[in-house]
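S.K.: What follows is a predicted structure for the sequence shown.
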Amino acid sequence: MIAIIKYNGGNTRSVQNALSRLHYESFITDNVQEIRNASHVILPGVGEASSAMAYLKNKKLDTTIKQLKQPFLGICLGLQLMCTHSEENDTTCLGIFDVPVKKFPPVNIVPHMGWNNLTGTTGKLFASVSVKDDMYFVHSFYAEKGKYSIAGCEYILPFSAAMQKDNFYATQFHPERSGIAGEQIIKNFLSL
């Protein structure tokens, strides 16, 4: 069974609906034991970093998440929370990826919102996905490209569109809102 982590952020139902359309059963929870027992775990992402981290810490999920061995996927804010620190309200995050999260400089419209294609996709998450496929982004903060990057994108500057370390995967874009290509990414994750 697939666990979708509840942390008082948005998008949990959107992710659950996407899984349901693909005929996967899932449940939304903030229960440590249920998350530990899940086959796959998803940390969805719409919200603000400091309040999301406060909720995770209050429920002891900050330590639980880092100990998980099953496939784990962070989406949008979920990716940012998996980094070390966010400039959004000076927030200490989970530290799975040794990368800081920064705010886009105000030289263009922020947030970055809309459809963009990816660059440099690598790994199992992107099997049968073309770099010509557009993904849906909505974010004002970004993680720089680095050793954990498995896909990039550019808006104002280059950033990590997806990251991976061991069993931990993350996308800055929303696969659940990215049409057929996004569905393929979800299927690829659930086949891990």
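M.R.: Arrived safely.

S.K.: Look up the closest residue to the residue nearest in space to the middle of the chain, ignoring the ones flanking it.
M.R.: Central residue of the chain (C-alpha atoms, centre = their mean): residue 75, 2.0 Å from the mean position. Closest residue to residue 75 apart from its sequence neighbours, by C-beta to C-beta, 6 or more residues apart in numbering: residue 45 at 4.5 Å. The C-beta positions use only the backbone N, C-alpha and C, and glycine is treated the same way.

S.K.: Please apply the same query to residue 101.
M.R.: residue 86 (4.0 Å).

S.K.: can you map out the helices along this protein?
M.R.: For the chain, helices defined by DSSP state H occupy the ranges 12-21, 32-37, 49-58, 61-67, 77-81, 179-190.

S.K.: quick check: angle from the longest strand along the chain to helix 179-190?
M.R.: Secondary structure assigned by DSSP state E gives strand 157-165 as the longest strand of the chain. Counting by axes from the mean of the first three to the mean of the last three C-alpha atoms, to 10 degrees, strand 157-165 points 30 degrees away from the direction of helix 179-190.

S.K.: So what touches strand 157-165?
M.R.: With contact meaning C-beta atoms under 8 Å, 6 or more residues apart in numbering, strand 157-165 is reached by 79, 82, 96-97, 99, 104-105, 116, 118-119, 121, 123, 125-126, 135, 137, 142-146, 148-153, 169-173.

S.K.: From those, list the buried ones, please.
M.R.: Among the contacts of strand 157-165, the ones that count as buried by 16 or more other C-beta atoms under 10 Å are 79, 82, 96-97, 99, 104, 118, 121, 125-126, 135, 137, 142-143, 145, 148-153, 169-173.

S.K.: Specify the beta-bridge partners of residue 73.
M.R.: residue 42, residue 169 (DSSP bridges).

S.K.: which residues touch it?
M.R.: 40-43, 169-171, 189 are the contacts of residue 73 under C-beta under 8 Å, 6+ apart.

S.K.: redo that, cut-off 6 Å
M.R.: Counting by C-beta atoms under 6 Å, 6 or more residues apart in numbering, residue 73 touches 42, 169, 189.

S.K.: quick revisit: surely the residue nearest to the centre of the chain meets residue 47?
M.R.: No: Residue 75 is beyond contact range of residue 47, at 11.2 Å (criterion: C-beta atoms under 6 Å).

S.K.: Buried residues, stretch 47-61. List them.
M.R.: Across stretch 47-61, burial judged by 16+ other C-beta under 10 Å covers 47, 49, 52-53, 55-56, 59, 61.
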